[in-house]
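J.: Pasting the sequence and the predicted coordinates here, then a few questions.
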Amino acid sequence: MVAVTSAAALSGCGYVVGGDDDLVVTNDRQGKISIELELVDGSDEALFADTVSLSADSEVTEDGVLPSSGTVTLTVTVDGDLSNTESFEVGEETSLHIDIEDAITFEKTV
């Protein structure tokens, strides 16, 4: 289950620091958006997929979806038209942060 919370953005950051959720998606747009998330492993096996609505200045988090090691590919689609896909090498402590504004940007933290 995806958790939706309000986010207090830090200056210069696109997400709230803290916690060790596998995925953290932040909506920095002025209005509500619909987000499709799809995560697959290196052999294109689905690890996680969900569609959520996210209000302005809020975030969605998900934990327990990244493998302990390997390559994953994350695709994020906003309102059915804006999309971005990126692959990451992940480990036990990896967290992927997705910031949505005029574009979709990714940041990997460990």
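T.: Right, received. Where do you want to start?
J.: For the protein, just list every one of the strands.
T.: Using DSSP state E, the strands of the chain run over 3-6, 23-27, 33-41, 46-54, 58-62, 70-78, 82-90, 95-100, 104-109.
J.: Not counting its neighbours along the chain, what's nearest residue 85?
T.: In space, and not counting its chain neighbours, residue 85 is closest to residue 75: 4.4 Å by CB to CB, 6 or more residues apart in numbering. From N, CA and C alone the C-beta is placed, and that goes for glycine too.
J.: Near the one you found, how many other residues are there?
T.: 15 (other CB atoms under 10 Å).
J.: give me the beta-bridge partners of the residue nearest to residue 20 when sequence neighbours are not counted?
T.: Leaving aside its chain neighbours, residue 20 sits nearest to residue 95 (6.1 Å; criterion: CB to CB, 6+ apart). On the basis of DSSP bridges, residue 95 is bridged to residue 109.
J.: State the distance from residue 95 to residue 56.
T.: 23 Å (CB to CB, to the nearest Å).
J.: With neighbour numbers in mind, choose between those two.
T.: Per other CB under 10 Å, whichever of residue 95 and residue 56 has more neighbours is residue 95, with 19 against 13.
J.: is it true that the more buried one touches residue 62?
T.: No. Using CB atoms under 8 Å, residue 95 makes no contact with residue 62, being 10.5 Å away.
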